[in-house]
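# just the structure for this:
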Amino acid sequence: MVSKYITCLTVAKYYTLHICIFIIVCALSLCRGDKFRVAFAMIGTLRNLLPEKTQILALSATATKPTYDNVVSRLSMENVSVVGLSPMRDNIRYAVQAVTSLDDFSSKLATGLRHMQNTFPKMVIFCTKYDNCWSLYLLLRSKLGSHFTFPSDCIDLQEFRLVDMYSSASTVEMKEKVLMSFSKVDSTLRVLIATTAFGMGVDIPNIRWIVHWSPPRLIEDYVQETGRAGRDGLTATALLVYGHLHRTVSSSMKNEDSAGKGCGCCDVCALSCDCGNCCTFDLPVK
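Predicted coordinates for the structure are as follows:
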């Protein structure tokens, strides 16, 4: 239910007279509220308590036609004006790789972190399940040993870690510390292993790699999450690793057509390119 405090505040005469616009920052969550963010599912109820002439601004990084229709319906919007841009970003390269196991994947990451330490390209690894998130974190912690922190053999405090984790199970204090550290251009933290809890309101310009351990359920989720890379305009890579594709992805995600942009846009185009300038899509190891 919408908080009684919010309800009373909304219908109070002072606020009724002064509310001029109602802004939803992540409108996509309106469509996920029933399962993901429950409170968002009730925003439509809150909208009905506002004065009839209140303007509404719904913002979203991505929105398919069904999402648009859902948001308009939930917010009872009329005479809607749409301002939209394509989510395609020319500086993001896309690649897909099969992996044999989480252990093999973590070994490659650990090799790169040991060699490059605090110069390792800033990376976010999205896991669809908390168990995978936690397992990968523990594997990297074990494989890195004394190199888990920078400088090596330093005391294990959050501000010295090269790898950390962010999920709904993390405390508010820990989430704030991780975001504060990761947001620094020259942060010690280089690899963040996260669930979808990491996302809304986050804007870190120099993320060079977005890695998905197993594909998201929907192409809309994939576009949103890969869009967190390369916000400084420099080249970034979105790498999708998988083991059993048909078991983890909806048909809409598997059947999504590729829209190649030419040389260097993805690993598929790189295979047919003979320019000699296409960069590797392998994980950084040195």
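# only C-alpha atoms for contact and neighbour calcs from this point on.
Will do.
# need phi/psi at D221.
Torsion angles at D221 (phi, psi; degrees, to the nearest 10) stand at phi -70, psi -40.
# and if you look at L57?
phi -120, psi 110.
# ok, E225 next?
phi -70, psi -40.
# now A238
phi -110, psi 110.
# that one: how many residues sit nearby?
Look at A238: counted by other CA atoms under 10 Å, it has 28 neighbours.
# doesn't T226 make contact with it?
Yes: with contacts counted by CA atoms under 8 Å, A238 reaches T226, the gap being 5.9 Å.
# okay, and the common contacts of these two?
Shared contacts of A238 and T226, defined by CA atoms under 8 Å, 6 or more residues apart in numbering, comprise I210.
# double-check that Y94 belongs to a strand.
Yes: according to DSSP: H, G, I helix; E, B strand; the rest coil, Y94 belongs to a strand.
# any idea how far P51 is from it?
With distances taken as CA to CA, to the nearest Å, Y94 is found 46 Å from P51.
# also S73?
To P51, S73 is 17 Å away according to CA to CA.
# repeat for T149
As for T149, its distance to P51 is 54 Å (criterion: CA to CA).
# more crowded one of these two?
Neighbour tally, T149 and P51, criterion other CA under 10 Å: the higher count belongs to T149, 25 against 16.
# now do the phi/psi pair for the closest residue to that one other than its chain neighbours.
Distances taken as CA to CA, 6 or more residues apart in numbering put R161 closest to T149, at 4.3 Å, once the chain neighbours are dropped. When quoted as degrees, to the nearest 10, the phi and psi of R161 stand at phi -80, psi 140.
# again with I125
Dihedral angles phi and psi of I125 (degrees, to the nearest 10) take the values phi -110, psi 110.
# help me confirm that S106 is found in a strand?
No: going by three-state DSSP, the assignment for S106 is helix, not a strand.
# setting aside sequence neighbours, what's the nearest residue to it?
For S106, ignoring the flanking residues on the chain, the nearest one in space by CA to CA, 6+ apart is L140 at 5.9 Å.
# please compute how far the helix or strand harbouring that neighbour lies from its chain's middle.
With elements taken from DSSP states H and E, the one containing L140 is helix 130-144. Here helix 130-144 is found 19 Å from its chain centre; the criterion is CA atoms, centre = their mean, to the nearest Å.
# which SSE is immediately downstream of that helix?
Immediately after helix 130-144, counting by DSSP H and E, sits strand 163-166.
# elements contacting whichever helix or strand comes after that following strand?
Using DSSP H and E, the helix or strand that directly follows strand 163-166 along the chain is helix 172-183. The contact analysis (3 or more CA pairs under 8 Å, 6 or more residues apart in numbering; DSSP states H and E) places helix 172-183 against strand 163-166.
# what lies in contact with the strand it packs on?
Contacts with strand 163-166, where a contact means CA under 8 Å, 6+ apart, come from 133-134, 137, 140-141, 148-149, 158, 175, 178, 189-195, 197-198.
# one more time with 10 Å
Contact partners of strand 163-166, identified using CA atoms under 10 Å, 6 or more residues apart in numbering, comprise 110, 113, 123-126, 130, 133-134, 136-138, 140-141, 144, 148-149, 158, 174-176, 178-179, 182, 188-198.
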